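Peer 1: Sequence and predicted model, in that order:
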Amino acid sequence: MKCRQLAFFAGPAAVESAMATITNEVIPRFSGIPHFLGYVVLQSDVSPGHRDSDVRRELTVMSFWSDGLEDSDATAKQFISEVNRVAGTNPVRKTFDVLMAVWRDEDGGELANVL
């Protein structure tokens, strides 16, 4: 299993725009590509003493693939261009091999275990 990760900093308006792009463009395109397994978007917490509305946050966007990561390159590049346009920053892009992932529900039941 492979993971493609993009990380970038963005203000509140750029976060909203990035999430709309992910929801309306990236995920639908990825869903049509063989080997696409899932998607996670993380947002950093706000530091104590700062108001939510005026703080740039770090976003980490991860897509997961069973194979064929190169099939997602065009969509990933379009998203990177959109992040650059709305946030004024270039995301850091990395690719990882997933060695293990375990997901549980709130009751402790195992949802997935990938080795």
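Peer 2: Structure's in. What do you need?

Peer 1: Buried residues of stretch 15-26, list them for me.
Peer 2: In terms of neighbour count (16 or more other C-beta atoms under 10 Å), stretch 15-26 has its buried residues at V15, S17, A18, T21, I22, V26. The way it works is simple: take the backbone N, C-alpha and C, and place the C-beta from them, glycine included.

Peer 1: who's in contact with the closest residue to the last one other than its chain neighbours?
Peer 2: Counting by C-beta to C-beta, 6 or more residues apart in numbering, F79 is the residue found nearest to V26 once chain neighbours are left out, at 5.3 Å. Contacts of F79 were listed using C-beta atoms under 8 Å, 6 or more residues apart in numbering, and they are L6, T21, I22, E25, V26, V61.

Peer 1: could you say which helix or strand contains F79?
Peer 2: In the assignment (DSSP states H and E), F79 maps to helix 73-87.

Peer 1: where's that helix relative to the chain centroid, distance-wise?
Peer 2: In terms of C-alpha atoms, centre = their mean, to the nearest Å, the gap separating the centre of helix 73-87 from the centre of its chain is 12 Å.

Peer 1: From the contact counts, what lies against the very next helix or strand once past it?
Peer 2: Sequence-wise, the next helix or strand downstream of helix 73-87 (DSSP H and E) is strand 92-97. Judged by 3 or more C-beta pairs under 8 Å, 6 or more residues apart in numbering; DSSP states H and E, strand 92-97 is in contact with strand 2-10.

Peer 1: got any ranges where the chain has weak pLDDT?
Peer 2: Scanning the chain for pLDDT under 70 picks out the ranges 46-54, 115.

Peer 1: count of residues packed around S44?
Peer 2: 13 (other C-beta atoms under 10 Å).

Peer 1: What about the closest residue to G68 other than its chain neighbours, how many residues nearby?
Peer 2: In this structure, G68 finds its nearest non-sequential neighbour in H35, 4.1 Å apart by C-beta to C-beta, 6+ apart. Per other C-beta under 10 Å, the neighbour tally for H35 reads 15.

Peer 1: likewise A76?
Peer 2: 19.

Peer 1: Contacts only, for it.
Peer 2: Counting by C-beta under 8 Å, 6+ apart, A76 makes contact with R4, L6, S63, R93.
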